[in-house]
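Participant: coordinates only, sequence not included:
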């Protein structure tokens with residue numbers, strides 16, 4: 001399994017340098033930046049202190065959607081609740097979702113220091129995660145947040161997960177969640193359920209949290225539903 005740290009519009013080069021150092025310390029090296037090139041500044045390389053290669057190999061994207069397009073699962077991080085109802089997972093709970101699915105590429109998404117991620121950004125994620133802090137006002141900077149997530153994921157990911165997936169044919173399974181999400185939207189459109197209705201929102205929130213076995217069964221169920229609906233047309 002490949003874990004990517006995706007940074008949306010980071011403002012301070014020092015924070016990105018600290019993020020690179022935290023990632024490498026915990027055994028990770030894949031970084032993507034969106035709408036910001038502060039990783040190229042000298043300040044980022046000074047703070048990285050031994051992790052300059054993470055910055056040099058970082059991928060740049062103009063927009064967020066292309067940066068996430070090849071991911072099998074996207075976990076967005078946020079420090080506060082948003083308007084519409086979502087399920088918020090701790091890092092450990094998010095890791096459990098990764099461990100019980102056949103996924104090859106997973107993104108941890110972080111917003112800019114001042115404003116975090118917008119609702120439009122969060123809509124591109126499969127899971128939303130937060131850090132359960134002891135204080136009422138969260139004061140972690142970007143580098144600190146990435147350090148905590150990098151530590152949790154370095155400790156929590158299944159040790160044999162990468163080896164198992166390299167030996168198995170996961171190419172078709174990797175796209176299963178995205179396919180099921182698309183089929184759900186098409187099914188709801190066909191039966192007249194608006195994407196803004198509670199049922200659609202609930203399905204969108206819960207679908208990424210199903211275990212791999214449940215995703216497989218749901219895939220079979222959708223095939224039967226599609227046949228039944230086509231026969232009734």
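Facilitator: Happy to help now that I have it. Worth saying up front: this structure is predicted, and the values here are computed from it rather than measured.
Participant: stretch 4-15: how far from the chain's middle?
Facilitator: Offset of stretch 4-15 from its chain centre (Cα atoms, centre = their mean, to the nearest Å): 15 Å.
Participant: in it, what's buried?
Facilitator: Judged by neighbour count (16 or more other Cβ atoms under 10 Å), stretch 4-15 contains these buried residues: 4, 5, 6, 7, 8, 9, 10, 12, 13, 14, 15. For every residue, glycine as well, the C-beta is placed using N, CA and C.
Participant: tell me the secondary structure for the third one?
Facilitator: It stands for residue 6. Here residue 6 is recorded as strand under DSSP: H, G, I helix; E, B strand; the rest coil.
Participant: so how far is residue 26 from it?
Facilitator: Remark: distance between residue 6 and residue 26 (Cβ to Cβ, to the nearest Å) = 16 Å.
Participant: just the helices in the protein please.
Facilitator: Under the criterion DSSP state H, the chain carries helices at the ranges 13-25, 42-48, 52-56, 64-68, 91-99, 119-122, 142-156, 161-167, 171-174, 176-191, 198-206, 212-232.
Participant: sorry, back to before: between the buried residues of stretch 4-15, which sits nearest residue 44?
Facilitator: The shortest separation between residue 44 and any of the buried residues of stretch 4-15 is 4.0 Å, and it belongs to residue 13 (by Cβ to Cβ).
Participant: settle this for me: the closest one is touching residue 44, isn't it.
Facilitator: Yes - here residue 13 reaches residue 44: they are 4.0 Å apart, a contact under Cβ atoms under 8 Å.
Participant: let me see the domain layout of the chain.
Facilitator: As recorded under automatic domain parsing, the domains making up the chain are 2-166, 175-232.
Participant: let's have these in CSV, adding mean pLDDT.
Facilitator: Conversion of the domains of the chain to CSV gives the following (pLDDT from 0 to 100):
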stretch, mean pLDDT
domain 2-166, 88
domain 175-232, 76
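Participant: name the stretch among the ones you listed that sits most buried.
Facilitator: With neighbours defined as mean count of other Cβ atoms under 10 Å, the domains of the chain peak in mean count at domain 2-166, which reaches a mean of 18.
Participant: thinking again about what came up before, now do the shared contacts for residue 13 and residue 44.
Facilitator: Common contacts of residue 13 and residue 44, defined by Cβ atoms under 8 Å, 6 or more residues apart in numbering, comprise residue 38.
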